[in-house]
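1. Got a sequence here, can you build the structure:
(2 chains)
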Amino acid sequence: MGDLLSGFAAALTPENLLWALVGVTIGTAVGVLPGIGPALTVALLLPVTFRLEPAAALIMFAGIYYGGMYGGSTTSILLNTPGESASVATALEGNKMARSGRGAAALATAALGSFVAGTIGTVALSVAAPVVADVAVHFGPPEYVALMAVAFVTVSALLGPNLLKGAASLVIGATIGLVGIDTQTGQARLAFGLPSLFDGIDVVIVVVALFALGETFAHLLAGTGDSRVMPLRGAQLLSREDFRRSWPAWLRGTALGFPIGSLPAGGAEVPTFLSYSLEKRLSKHREQFGHGAIEGVAGPEAANNAAAAGVLVPLLTIGLPTSATAAVILTAFQSYGLQPGPQLFSESGELVWTLIASLYLGNVLLLVLNLPLVRVWVRLLTIPAYGIYAGVLVFACLGAFAAGGTIADLLVLTVLGLVGLLMRQAGVPVAPAVVGLILAPLAEQQLRRALALSEGDWFTLVSSPLTVALWIIVLLALIAPPILEVRRRRLIRTREATSLKH
Amino acid sequence: MTDLEEGPLPRETPEVAHAEARASGLLGLLMVVAAVVVLVDAARLRSSDEVLGPAAAPTLAGVLLGLLGGSLVVRSRHFLRTPASSGNRRHWRLAALVVTLIAFALLLPILGYVVCAAGLFTVAALLLGASHPARVVAYGWTLAVVVFLVFDVLIGLSLPTGPWGF
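-> The predicted structure follows:
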């Protein structure tokens, strides 16, 4: 706890507070734009933080991250265009509420729910992370290989509409991740003699290309369909009744979100759907589900934010990103000179606790900023689509140039943008590609290290009880999706059935 | 089991499903081609004295690319035979945007950031259906200048400049 307090002391200088405020503001402003989810928001705004000193960069980054998350929920509720799969569940009831003129209440319960979940999640993170790090210190390469195998199968199975498309995305990302010089032998792989590819392709460039350019290209092909923003009426406050119905949902969502998010496996959006169906089952107003039940916004939104805090546990302590956003965060940390892993807390403890304190502050600032300013953000939604996407393109090129610094990076960006478009058109999710991009080189490195240590004995991979258990999970994850698929379809069917009534 | 009815977004029309199947077939073909490239590239790597050399991971990636790409092609083969129905003009617009992006990359060191970014914004907005060219040009210049001031002057991320210093 003392560490956390000193983290607060470092984060609570007037200058750092200003950076946090700037971060929350621009994070929300970008995150609120339609089609831009938290991963892309963070990737697009990363260059802003590059030139700051590490503590200031981290605190601004935390602000951008939370701002992006909140902005995404605003768009989901008012426009029904969730920027990532984790806000799909929020949009289900949230947009219905906005349509029936209760958008203000939906946004308020989302903001307060995010705050409650974020607060509990951050506290849980500061308790859980050091404990997990203590355990993870004893992990050897075989444990890492098994953990990454779990992440691989769960990411492709859970993030995608089906296993084949999820796996395709993962492998596309992994292949991009292999580009560059092999660290063990110094040979260039998949670089085709181009010097600019020797260092590999920067994660920011891939994220921006797949998400931002893919989205812009798709928009160009589809033609501009104007989306209707639901007007906000009434005060940004919850009535007593709304509050009474919201708070248990916030807590239940948090209780689902944090533990599931902190598993070293993909699927941060799973708790949002679980929370949705739990709220539906428990509600005394079941007939309102499908017409804008406030519990259906409060629960998933809290689950989403708690899971986002949970995802930081494997990321910080094991160095294992399990969502596209986490993959971008990992890159951000590396650019600030932090190497996530079990040693992080002992080696750069001061910065980590500053980060955790910053996350907390970002959360508070968000609440202070958003309840009064929500009308300003809603205004941003009225910018015509051509302006948004042309602007996104300018920022995408800026981000790619800032990350790589050469003309070749911009060409790579364009080519990968076309790949992103094709994936989008084919219904192949792009998030697993980002996870694969980060995890594949790490997994290769750990596997080679494990085999070097065991002098070629493959049984080293199942040499401890933990590794055996993890490989069993891998097998189960490959068998389970067909069962989950049935449940998913049932949910989609109920969703379609309810939307038909309008 | 088909791959046409999943996903969080509801399918609007059969044409949408058709387009999706065509696109996944195309993506599958691309993956098979990429698989060949990856495998050829892996084969020319010198092996080391490690148990798993530098070629192991690319070989695995290549094989998986080929298998998954192949399955995507097989699943959508019916749709690949029928030609695309419409959308030629839109494809031209996409091509124009791609050319603009390449031009942006190549002209950046010559003309500087502000001119290139303003040009990129203007062309992209017009392709995306903006209706007032003069207004779009003004927006483009404003955005480019603001970005330059914030990132180059304020933050110190040095952006390329043209002969006129911005």
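2. on contacts alone, who are the packing partners of the host helix or strand of A:A403?
-> If you go by DSSP states H and E, A:A403 is part of helix A:385-404. Where contact means 3 or more Cβ pairs under 8 Å, 6 or more residues apart in numbering or on different chains; DSSP states H and E, helix A:385-404 is packed against helix A:38-49, helix A:203-207, helix A:214-222, helix A:407-425, helix B:88-111, helix B:113-127, helix B:133-148. To be clear about C-beta, it is placed using only N, CA and C from the backbone, and glycine gets the same treatment.
3. How far off centre is it?
-> 20 Å (Cα atoms, centre = their mean, to the nearest Å).
4. Residues touching stretch A:398-415, excluding its own?
-> A:43-44, A:46-47, A:50, A:194, A:196-197, A:201-202, A:204-205, A:208-209, A:213, A:396-397, B:98, B:101-102, B:104-106, B:108-109, B:117, B:147, B:151, B:157, B:159 (Cβ atoms under 8 Å, 6 or more residues apart in numbering or on different chains).
5. Which one, of the helices and strands packed on helix A:385-404, ends up nearest to A:E279?
-> Closest of the helices and strands packed on helix A:385-404 to A:E279 is helix A:38-49, at 22.6 Å (criterion: Cβ to Cβ).
6. and the following helix or strand past the closest one, does that touch chain B?
-> Toward the C-terminus, helix A:38-49 is succeeded by helix A:54-79 as the next helix or strand (DSSP H and E). No. On the criterion Cβ under 8 Å from any Cβ of the partner chain, helix A:54-79 is out of touch with chain B, staying 11.0 Å away.
7. Now do helix A:54-79 and helix A:38-49, the angle between them.
-> Angle between the axes of helix A:54-79 and helix A:38-49 is 140 degrees (criterion: axes from the mean of the first three to the mean of the last three Cα atoms, to 10 degrees).
8. Tell me the helix or strand right after helix A:54-79.
-> Later in the chain than helix A:54-79, the nearest helix or strand by DSSP H and E is helix A:88-99.
9. out of everything not next to it in sequence, what's closest to A:S348?
-> Nearest in space to A:S348, with sequence neighbours left out and distances taken as Cβ to Cβ, 6 or more residues apart in numbering or on different chains, is A:L338 at 5.6 Å.
10. for the one you found, helix, strand, or coil?
-> coil (DSSP: H, G, I helix; E, B strand; the rest coil).
11. any idea how far it lies from chain B?
-> Distance of A:L338 to chain B, given as Cβ to the nearest Cβ, to the nearest Å: 20 Å.
12. if I pick that residue, what's in contact with it?
-> By Cβ under 8 Å, 6+ apart, the contact set of A:L338 is A:P54, A:L344, A:S348, A:L351, A:V352.
13. I'd like to know how many residues surround the closest residue to B:A117 other than its chain neighbours.
-> Here the nearest residue to B:A117 in space, its sequence neighbours aside, is B:A144; by Cβ to Cβ, 6+ apart that works out to 3.9 Å. B:A144 is flanked by 24 other residues according to other Cβ atoms under 10 Å in any protein chain shown.
14. in chain B, what residue sits furthest out from the centroid?
-> Each residue of chain B has a distance to the centre, and by Cα atoms, centre = their mean the biggest one is for B:D49: 38.5 Å.
15. which of the contacts of A:L338 sit farthest apart?
-> Of all pairs in the contacts of A:L338, the most separated under Cβ to Cβ is A:P54 and A:L344 at 13.2 Å.
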